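1. Quick one: sequence and predicted model below, then my questions.
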Amino acid sequence: MVMIHIYPMIELRHLRALVAVAETGNLSKAGKRLNLSQPALSHQMKALEEHVGAELFQRKSNPLRLSPAGDRLLSTAYDVEKLIVQSERDVARIANGKAGQLRIAVECHSCFDWLMPSMDAFREGWPEVEMDLVSGFQPDPVGLLAEDIADLVIVSHVKPRPGVVHHPLFRYEVLALVARNHPYTNKAYLTARDFARETLVTYPIPDDRIDVIREVLKPANVDPPRRKTELTVAILQLVASHRAIAAMPGWAVQPFLDRDYVASRPIRKTGLFANLYAATTEEKSKSAYMTEFLDTMRRISFSSLKKIEPVS
């Protein structure tokens, strides 16, 4: 009698789980990205380690760091993921055609720098898709979808609308920005009362789309003196010269914080957090290249931006 032994195989889900853990450095965050519970993700990692016969992580590191064996397998995971994406893209082109357009509107001015790498990476695989940015201030950016002026809109606040789908990208902290030697640098965090004593500089967008005003200042009946400008560098220059303070996404100003151009502090004891979404119509969200662009934005953001998390 011939005995047939069936050995477990490395599955795609195992490789994707390894990538998520490696990029987030945390089982809980990786589980959120994959929509898995932490125990389920731990079980997958244990099964993968048992299959390859080696530990993939340095057990007592925080955040989690890969072992040499883990590094080698991570390289394979990226190669496999790239091949799968390319194969899916080729099949989609055969089934749906190659051409299309992707017009992008941005509610948050500071998103442009982050969008460029995502657009460049996407363009390599879909050169036939015509990409464009819808410039200028938009009082109702999501409304551009219904007007067929934009195909995708980046927003930080979800207002449900018929026929519109909001795709979560990532969660981030909104930080208070002050000059390097500002007295507020001695504080652990800023409160609404602290903002009342300073001029607040913001982008020229409605107050209900500015997180610090909507979530912190307005509930406390605080209405500080205001300045507005469309340019991120202008905001930071006003902050650095003690003429104003600001509240901006930490990931958007991280290069300036790394250079010590300005200083940052949390807003409120518990911090002020927000989510970033990509809004599309239901119909356009089903196209192959739109699906891939959404995936590309998430991949680029988690590989290049600091201190962001998956949307809960």
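-> Arrived safely.

2. Neighbours of residue 159, how many?
-> Number of residues near residue 159 (other CB atoms under 10 Å) recorded here: 12. Backbone N, C-alpha and C define where each C-beta goes, glycine included.

3. Could you do the one 3 residues further on as well?
-> Neighbourhood size, residue 162 [other CB under 10 Å]: 6.

4. which residues of the stretch 201-312 of the chain fall in strands?
-> Ranges of strands in the stretch 201-312 of the chain, per DSSP state E, counting those that start in this stretch, are 226-228, 246-249, 263-266, 272-281, 308-309.

5. With mean pLDDT added, can I get those strands in JSON lines?
-> Shown next, in JSON lines, are the strands of the stretch 201-312 of the chain (pLDDT from 0 to 100):
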{"stretch": "strand 226-228", "mean pLDDT": "95"}
{"stretch": "strand 246-249", "mean pLDDT": "95"}
{"stretch": "strand 263-266", "mean pLDDT": "97"}
{"stretch": "strand 272-281", "mean pLDDT": "95"}
{"stretch": "strand 308-309", "mean pLDDT": "90"}
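
6. For burial, what's the neighbour tally of the closest residue in space to residue 216 that isn't next to it in sequence?
-> Nearest non-adjacent residue to residue 216, counting by CB to CB, 6 or more residues apart in numbering: residue 192, 5.2 Å away. Using other CB under 10 Å, residue 192 is surrounded by 18 other residues.

7. picking that back up, select, out of the strands of the stretch 201-312 of the chain, the one closest to residue 67.
-> When these are compared by CB to CB, strand 308-309 sits nearest residue 67, at 24.4 Å.

8. Ranking helices and strands of this protein by mean pLDDT, which lands last?
-> Within the chain, no helix or strand scores below helix 68-96, which has a mean of 80 by mean pLDDT, DSSP states H and E.

9. tell me which residues in the very next helix or strand once past that helix are buried?
-> Using DSSP states H and E, the helix or strand that follows helix 68-96 in sequence is strand 100-106. Within strand 100-106, the residues scored as buried using 16 or more other CB atoms under 10 Å are 100, 102, 103, 104, 105, 106.

10. Was I right to think the fourth one contacts residue 132?
-> Yes - judged on CB atoms under 8 Å, residue 104 makes contact with residue 132 at a distance of 7.2 Å.

11. now the helix or strand hosting residue 172 and strand 272-281, what's the angle there?
-> Secondary structure from DSSP H and E places residue 172 in strand 164-178. Using axes from the mean of the first three to the mean of the last three CA atoms, to 10 degrees, the direction of strand 164-178 lies 150 degrees away from that of strand 272-281.

12. what's the helix or strand just after strand 164-178 packed up against?
-> Sequence order places helix 192-196 as the next helix or strand after strand 164-178, per DSSP H and E. Judged by 3 or more CB pairs under 8 Å, 6 or more residues apart in numbering; DSSP states H and E, helix 192-196 is in contact with no other helix or strand.
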